[in-house]
Structure formats: C-alpha cells, structure tokens
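Chemist: Here's a sequence, model it:
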Amino acid sequence: MDAPPPLSTPPVSTPPAPPVLPPNPAVPVFGPQDATQLRQLAIGHYVVAGLMAVFSLVFVLHIVLGIAMLSGSLPMKSGGEPSSPEEQQFVGWLFTVMGVCIVLGGLTLAGFVAYAGRCLSQQRRYLLCMIVAGLACLFTPIGTILGVFTLVVLLRPQVKAAFAGQAGVA
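Modeler: Below you'll find the predicted structure:
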C-alpha cells in the first residue's frame, strides 16, 4: 500500500509593506485674523437673531386676529352677508395655528442663531455652527450673507482645527 504523499504547506510569505504616505501638510496656524473674524461673525449672529425674533413677533397680530375671529368679536362678511359660524371658526383657527407656528418657529431659529454666535465666540460645537449657518441662509438677505460668510470661515482648516482643540466639551 502506498502511503499518501505528505501534505506540503505553501511557503509562508510576509505581506507586502504598506506604501509610505507623504506626511500631511501642516495645518495653517489659527491667527489673530481668524479670531477677529469669528468674533465679528458672533456679533453678526446676535444681530441677526434679534432681527429674526422681531420679525417673527409680527405674526402675533395673526394670533390676535384669529382669537378675535374665534370669539366672534370680529365680524366677518362673505359676499356682503355675515359669514356662517363654521367659516368664522375655520378662518379663526387657521389664523391662530399658523400664527403660533410661525412665531414659535421664528423664535426657535432666532434662539439657535444666538446660541451659535456664542459658540462661535467660544470656538466650540463646530457642527452646530455649520448647521445654523446653513439655516440662517433662509432669512434673506441678511441671514444669507451671514450664513455664507460663516460657512466660508468655518471651512478653513485652521478654524476647524481650533474648534477640534476644544472638542472635549460636549
């Protein structure tokens, strides 16, 4: 009987060495010009937040009108004749709900913009600042200008590195 040939193991080869990557280019130094621009952007965020809050409070008038329609104190006419109570109730609720939504949404956005201004001055919460800069673009034209300038400054590598240095705080 012939014995089966011994199992031979293939020669063990060492895996190829990973290619040597060139060193990362040094991140530019966060300078006084960057700090000044972040401070100016923070002030701009406070101003735009105040304007957003004032403009969103204009819709309190819609809430007042809606409540007046719901209570019946505001007479409504449809085609020269008094409108039905159902129409008055529908329009009253429409004015009230839309007014409340716009006021709450505007004040919330204004609060986020003001908080992002504070975060910019303290160089923390980079992602929040980026998101709020994008949302500020909705408030045209001033918010758009502020949002674009904020994005331009925040996308610089030295500014991003300065925020990363403070990333220990959640």
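Chemist: What sits closest to the most centrally placed residue in the chain if chain neighbours are left out?
Modeler: Using C-alpha atoms, centre = their mean, the residue of the chain that lies closest to the mean C-alpha position is residue 132, 2.4 Å off. Nearest non-adjacent residue to residue 132, counting by C-beta to C-beta, 6 or more residues apart in numbering: residue 116, 3.8 Å away. C-betas here are computed from N, CA, C, even on glycine.
Chemist: Report the contact partners of the residue nearest to the centre of the chain.
Modeler: Taking C-beta atoms under 8 Å, 6 or more residues apart in numbering, we find residue 132 in contact with 45, 112, 113, 115, 116.
Chemist: which SSE is the fourth one in?
Modeler: For residue 115, the element it lies in under DSSP states H and E is helix 85-122.
Chemist: got the CA positions of the helix or strand just after that helix in CSV?
Modeler: Downstream of helix 85-122, the next assigned helix or strand under DSSP H and E is helix 126-136. The C-alpha coordinates for helix 126-136 follow below in CSV (Å, rounded to 0.1, in the frame of the first residue of the first chain):
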residue,chain,number,x,y,z
TYR,A,126,-18.4,73.1,15.2
LEU,A,127,-21.2,71.0,13.7
LEU,A,128,-24.0,73.1,15.3
CYS,A,129,-22.4,76.3,14.0
MET,A,130,-22.2,74.8,10.5
ILE,A,131,-25.9,73.7,10.6
VAL,A,132,-27.1,77.0,11.9
ALA,A,133,-25.1,78.9,9.3
GLY,A,134,-27.0,76.9,6.7
LEU,A,135,-30.3,77.6,8.3
ALA,A,136,-29.5,81.3,8.6
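Chemist: That's all I had, so thanks and see you.
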